[in-house]
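Novice: Pasting a predicted model and its sequence here:
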Amino acid sequence: MHASCRLPCFLSVCSLPCLLIQAAELQLVHEPQGTFIIRPSSQVDQLSLTVRSPPSPSEMLVKHFILIVALKDGLVCYKMSGKQDIDFPTVEELIDYYSQHPLSLLPDGQPVYCIRPKLTRDLSNL
């Protein structure tokens, strides 16, 4: 996947040519739980999903996940790393799924979900 590719944008899934991990974390620290950014990964055929998680005394406020971009039956699909039994034809469908099913659980049992914000903003000028 080329770093200049354009991704759909919710404050969340943004066309950010090279948003670094630290910048993604800073953008999300003061956002509501579940707010997310999808950005290009440093790895080929992967995207990074950074999510504002619930507050927890032993955990960081931001979690990072890898989205794998793969071909299945000649079509592009998206998968969560570690949960490769579920394929999604679009990033939007993956996010819709993980807005209803936890991405992971914190050590205290709190689930981490993606939540689509009501308003959008473009972070491409960062």
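Specialist: That came through fine. Numbers count the residues shown, from 1 in each chain.

Novice: Give the helix, strand or coil label for Ile95.
Specialist: helix (DSSP: H, G, I helix; E, B strand; the rest coil).

Novice: surely it meets Thr35?
Specialist: No: using C-beta atoms under 8 Å, Ile95 is not in contact with Thr35; the gap is 11.5 Å. (C-beta placed from N, C-alpha, C; glycine too.)

Novice: which regions of the protein lie under the pLDDT threshold?
Specialist: Scanning the chain for pLDDT under 70 picks out 1-19, 57-59, 84, 117-126.

Novice: Swap in 90 and give it another go.
Specialist: 1-48, 50, 52-64, 70-77, 80-86, 91-92, 103-126 (pLDDT under 90).

Novice: Show me the helices in it, by range?
Specialist: Per DSSP state H, the chain carries helices over the ranges 21-28, 91-98.

Novice: With Cys114 as the reference, measure out to Gly34.
Specialist: 6 Å (C-beta to C-beta, to the nearest Å).

Novice: More neighbours: which of those two?
Specialist: Cys114 (25 against 21; other C-beta atoms under 10 Å).

Novice: Export the helices of the chain as TSV, with columns for mean neighbour count and distance to Ala70.
Specialist: Below are those laid out as TSV (neighbours: other C-beta atoms under 10 Å; distance: least, C-beta to C-beta, whole Å):
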stretch	mean neighbour count	distance to Ala70
helix 21-28	17	23
helix 91-98	18	12
